[in-house]
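Novice: below is the sequence, then the predicted model.
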Protein chains: 2
Amino acid sequence: MVMTAPLADDDLLALRLRALAHPARLAILRALAAGGKCQCGHIVRGLSLAQSTVSQHLKVLKEAGLIAGTIEGPRSCYGIDREAVASLAREIGPLLEHFAAEPPACATRTPDARESALV
Amino acid sequence: MVMTAPLADDDLLALRLRALAHPARLAILRALAAGGKCQCGHIVRGLSLAQSTVSQHLKVLKEAGLIAGTIEGPRSCYGIDREAVASLAREIGPLLEHFAAEPPACATRTPDARESALV
DNA sequence: ATCGTTTATCGTCGATGGACGATGAGGGCA
DNA sequence: TGCCCTCATCGTCCATCGACGATAAACGAT
């Protein structure tokens, strides 16, 4: 049931999508998924970004719940929160499919708008 | 530079995700998917946002290719570009699943704490 | 204890986003 | 023809983002 109600649900979803919607963050997730790059410095070297910038991106991803950081001392070990990412996938997938589903009215894609009985 | 994955693909993907990553835009897509709300004014009334703001969001969605606008005269008829949305779904789904896939081990340090630090 | 390494945080700066009101164009309709 | 309705665009304002350098904290090693 997709309610048209603009709940805080959308805010949360938008937050996570926003965390995802940045090339550097995508690259970080890619690096983490590829493995062997759990330390901040490794990602920094792979991305040619300042260390503080990468740290900031890591923070964004962490606040979005997409990754989990195990910081213990001088080193840190970041890892993708697989459950969270899978959950997001389960949320965004059906949503997009719903968006792409069949339209009830109003000439979805007609070049010529022939709107007559709209509402 | 083992695997930076420096693809401009990420830029494009980030662009579309960014277009998606806003509550108002999600609401607009929801309204469009629900049907019968293809005119700007309808969405405006449903969202309690200024008309210009909604128009701006529509523009963002259109520039991201997620919707198509059929503007002819005083009325406009927006519709979800279902092919584009489906394409995005086909792109983001496997990507997230890839992120959520097998953990290749954090070889560098391997502190037992690997999944926690939820703070 | 001191040094070196690694990382998070702070402060700053420019750019962008998001919201609004006002304006103007484009057609319907009386 | 003139009025009204609808929508896109412009200009503005404030907030946030994204990037950076600099700094400080936490630990291992010497």
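Specialist: Perfect, I can see it now.

Novice: excluding its backbone neighbours, what's nearest residue A:17?
Specialist: Once flanking residues are discounted, residue A:17 sits nearest to residue B:21: 3.6 Å by CB to CB, 6 or more residues apart in numbering or on different chains. The C-beta positions use only the backbone N, C-alpha and C, and glycine is treated the same way.

Novice: state the phi and psi torsions of the one you found.
Specialist: When read as degrees, to the nearest 10, the backbone of residue B:21 gives phi -90, psi 60.

Novice: residue A:80 now?
Specialist: Backbone torsions of residue A:80, given as degrees, to the nearest 10, read phi -70, psi 130.

Novice: residue B:101 is in contact with that one, correct?
Specialist: No - counting by CB atoms under 8 Å, residue A:80 does not reach residue B:101; the two are 9.0 Å apart.

Novice: give me the common contacts of those two.
Specialist: residue A:33 (CB atoms under 8 Å, 6 or more residues apart in numbering or on different chains).

Novice: show me which of these two is the more surrounded one.
Specialist: Applying other CB atoms under 10 Å in any protein chain shown to residue A:80 and residue B:101 shows that residue A:80 carries more neighbours, namely 24 against 14.

Novice: what does the helix or strand harbouring residue A:91 rub up against?
Specialist: Counting by DSSP states H and E, the element that carries residue A:91 is helix A:82-99. Helix A:82-99 has contacts (CB under 8 Å, 6+ apart) with A:2, A:13, A:16-17, A:20, A:65-66, B:29-30, B:32-33, B:80, B:82, B:85-86, B:88-89, B:92-93, B:96-97, B:99-101, B:103.

Novice: off-centre distance for that helix?
Specialist: Distance of helix A:82-99 from the chain centroid (CA atoms, centre = their mean, to the nearest Å) equals 10 Å.

Novice: could you point out which element follows the helix or strand harbouring residue A:12?
Specialist: Take DSSP H and E as the rule and residue A:12 turns out to sit in helix A:8-20. Moving toward the C-terminus from helix A:8-20, the next helix or strand (DSSP H and E) is helix A:23-34.

Novice: just checking, next helix/strand downstream of that following helix?
Specialist: The helix or strand immediately downstream of helix A:23-34 is helix A:40-47, counting by DSSP H and E.

Novice: near chain B at all, that following helix?
Specialist: Yes - Helix A:40-47 is in contact with chain B by CB under 8 Å from any CB of the partner chain, via A:42, A:46-47.

Novice: let me know the closest of those residues to DNA strand D.
Specialist: Taking CB to the nearest atom of the strand as the measure, DNA strand D lies nearest residue A:47 of the residues of helix A:40-47 next to chain B, at 8.5 Å.

Novice: not counting sequence-adjacent ones, nearest residue to that closest one?
Specialist: residue A:27 (5.8 Å).

Novice: how close does the one you found sit to residue B:16?
Specialist: Residue A:27 sits 17 Å away from residue B:16, going by CB to CB, to the nearest Å.
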